[in-house]
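[1] Generate a structure from the sequence data that follows.
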Amino acid sequence: MPRFLLAHHIASMPTDQEAWIRDWSGLRRRARGPATWTSSWYCSDTNRLYCEWDAPDRDAIEACFTPDEREMAPIVSVEEVVHMDPAWLD
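    Below you'll find the model as predicted:
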């Protein structure tokens, strides 16, 4: 299955785990079908959240987001990527 890397602009990052769970647990539940949210990284310098997804296509990923979630974390870019593991070189 193709893998995608999404970049989101985050206006306000949750300050604690409870807020993170409150704001994003719905997306996590919806992201267990044709599109699967696998991991994320946040950069406080740029207020960008980078999320890795396995999905058949971009539309399957975008279908997981509610309008409110799209407003809290607008998608800046979507790129299809290939995983390369440095451990392969060992």
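
[2] Could you use CA atoms for every contact and neighbour count after this?
    Fine.

[3] so for stretch 65-85, what's the average pLDDT?
    Summarised as a single mean, pLDDT over stretch 65-85 is 94.

[4] Could you number the chain from 24 rather than 1 from now on?
    All set: I'll call the first residue 24, so the last point we hit is now stretch 88-108.

[5] Can you list the buried residues in it?
    Buried positions in stretch 88-108, judged by neighbour count with 16 or more other Cα atoms under 10 Å: 88, 95-98, 101.

[6] can I get those residues in a markdown table with secondary structure and distance to Arg52?
    What follows is those, written out as a markdown table (DSSP: H, G, I helix; E, B strand; the rest coil; distance: Cα to Cα, whole Å):
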| residue | secondary structure | distance to Arg52 |
| --- | --- | --- |
| Phe88 | coil | 11 |
| Met95 | helix | 17 |
| Ala96 | coil | 17 |
| Pro97 | coil | 19 |
| Ile98 | strand | 19 |
| Val101 | strand | 21 |
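
[7] Pick the one among the residues you listed closest to Ser67.
    Ala96 (13.9 Å; Cα to Cα).

[8] Tell me the spacing between Ala42 and Ile98.
    20 Å (Cα to Cα, to the nearest Å).

[9] now Gly56
    Gly56 is 20 Å from Ile98, by Cα to Cα.

[10] pull the longest helix from this protein.
    If you go by DSSP state H, the chain has its longest helix at helix 40-53.

[11] Now the lowest-mean-pLDDT helix or strand in the chain: buried residues?
    Ranking every helix and strand in the chain by mean pLDDT, DSSP states H and E puts helix 40-53 at the bottom, with a mean of 87. By 16+ other Cα under 10 Å, the buried positions in helix 40-53 come out as Arg53.
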